[in-house]
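Participant: Sequence and computational prediction follow.
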Amino acid sequence: QLSGAGEAVAVGLAWPGPHLGACCAAAAAVAVASGLPLDAELARRLSEYNPVGARMRAVTAPSGATILDDVYNANPLSMANGLDLLAGVPASGRRIAALGDMAELGPAAQDLHLETLEYALSAGVDLVVCTGEHFRAAAEALGSSRAVWVPGLPELMQALPTLEGGDAVLVKGSRAQRLEGVVRRLSSAGA
């Protein structure tokens with residue numbers, strides 16, 4: 001529900017993630033500030049928006065598992081949002097996160113990667129398979145069998161369990177991690 005200037009309109013969003021509702025509200029605010037009315041036409045256009053590839057796109061694997069493709073980029077807030085979505089997506093099976101390092105975090109990088117792993121486990125993620133040097137140190141520091149570090153993408157694919165119907169998997173990391181290949185493999189018939 002969007003409201004402002006005495007108007008209100010319901011918007012049904014076609015993309016996952018309650019945090020993306022803020023993006024919808026911001027787009028509506030820009031439209032209204034530019035002189036467009038807050039009406040059914042604006043609501044229709046917002047509801048038809050679909051994210052471009054690798055920006056929190058839900059894909060169904062042949063097994064019936066849900067793949068949350070958010071490999072376009074990553075930072076601590078977007079990781080937390082993605083993990084919240086993974087924790088909340090309807091899934092009768094396992095909740096798995098395949099994570100790559102977050103880039104360009106400066107001196108706090110190590111602490112932020114450890115906080116991300118701690119957050120994932122506290123949010124109810126059953127298994128985190130991660131790659132990248134910052135996640136290596138974070139996984140070692142955490143010492144949990146539910147947070148597994150691997151040196152690269154081939155090992156990440158090997159460490160992920162065979163997906164079954166009801167499973168949900170978040171794939172997320174900075175562009176430098178090149179996790180789009182993981183999404184392709186998980187969502188293909190051979191995964």
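Facilitator: Noted; the coordinates are in hand.
Participant: low-scoring stretches of the protein, by residue?
Facilitator: Within the chain, the ranges that satisfy pLDDT under 70 run 5, 13-20, 50-55, 189-191.
Participant: For the residue positioned nearest the centre of it, give its distance to residue 47.
Facilitator: Centroid-nearest residue in the chain, with Cα atoms, centre = their mean: residue 82, separated by 3.4 Å. Counting by Cβ to Cβ, to the nearest Å, the gap between residue 82 and residue 47 amounts to 22 Å. Where C-beta positions appear, they are placed from N, C-alpha and C, glycine not excepted.
Participant: Likewise for residue 175?
Facilitator: For residue 175, the distance to residue 47 (Cβ to Cβ) stands at 29 Å.
Participant: ok, now residue 108?
Facilitator: Using Cβ to Cβ, one gets 38 Å for the distance from residue 108 to residue 47.
Participant: cool, residue 141 as well?
Facilitator: 43 Å.
Participant: what does residue 188 give?
Facilitator: Distance, residue 188 to residue 47, by Cβ to Cβ: 30 Å.
Participant: So for the two, which sits in the more crowded spot?
Facilitator: Between residue 188 and residue 47, counting by other Cβ atoms under 10 Å, residue 47 is the more crowded of the two (14 against 10).
Participant: Determine the number of other residues adjacent to the closest residue to the more buried one other than its chain neighbours.
Facilitator: Closest residue in space to residue 47, ignoring its immediate chain neighbours: residue 12 at 4.9 Å, by Cβ to Cβ, 6 or more residues apart in numbering. Neighbourhood size, residue 12 [other Cβ under 10 Å]: 9.
Participant: So residue 12 lies in a helix, does it not?
Facilitator: No - Residue 12 is assigned coil when assessed by DSSP: H, G, I helix; E, B strand; the rest coil, not a helix.
Participant: Can you verify my assumption that it contacts residue 49?
Facilitator: No - look at residue 12 against residue 49 with Cβ atoms under 8 Å: they stay out of range, at 11.0 Å.
Participant: Against residue 176, how distant is residue 145?
Facilitator: Between residue 145 and residue 176 the computed distance is 27 Å (Cβ to Cβ).
Participant: Show me where the chain has its strands.
Facilitator: 2-4, 7-9, 57-60, 66-70, 95-100, 127-131, 147-150, 168-172 (DSSP state E).
Participant: Need the winner for burial among the ones you listed.
Facilitator: Highest mean neighbour count of these: strand 168-172, a mean of 28 (counted as mean count of other Cβ atoms under 10 Å).
Participant: and that one, which strands flank it?
Facilitator: Using DSSP bridges, the strands paired with strand 168-172 are strand 66-70 (parallel), strand 95-100 (parallel).
Participant: quick one, which of those strands is nearest to residue 57?
Facilitator: strand 66-70 (4.5 Å; Cβ to Cβ).
Participant: Residues touching the closest one, excluding its own?
Facilitator: Residues outside strand 66-70 that contact it (Cβ atoms under 8 Å, 6 or more residues apart in numbering): 16, 53-61, 78, 82, 85-86, 89, 91, 167-172, 180, 183, 186-187.
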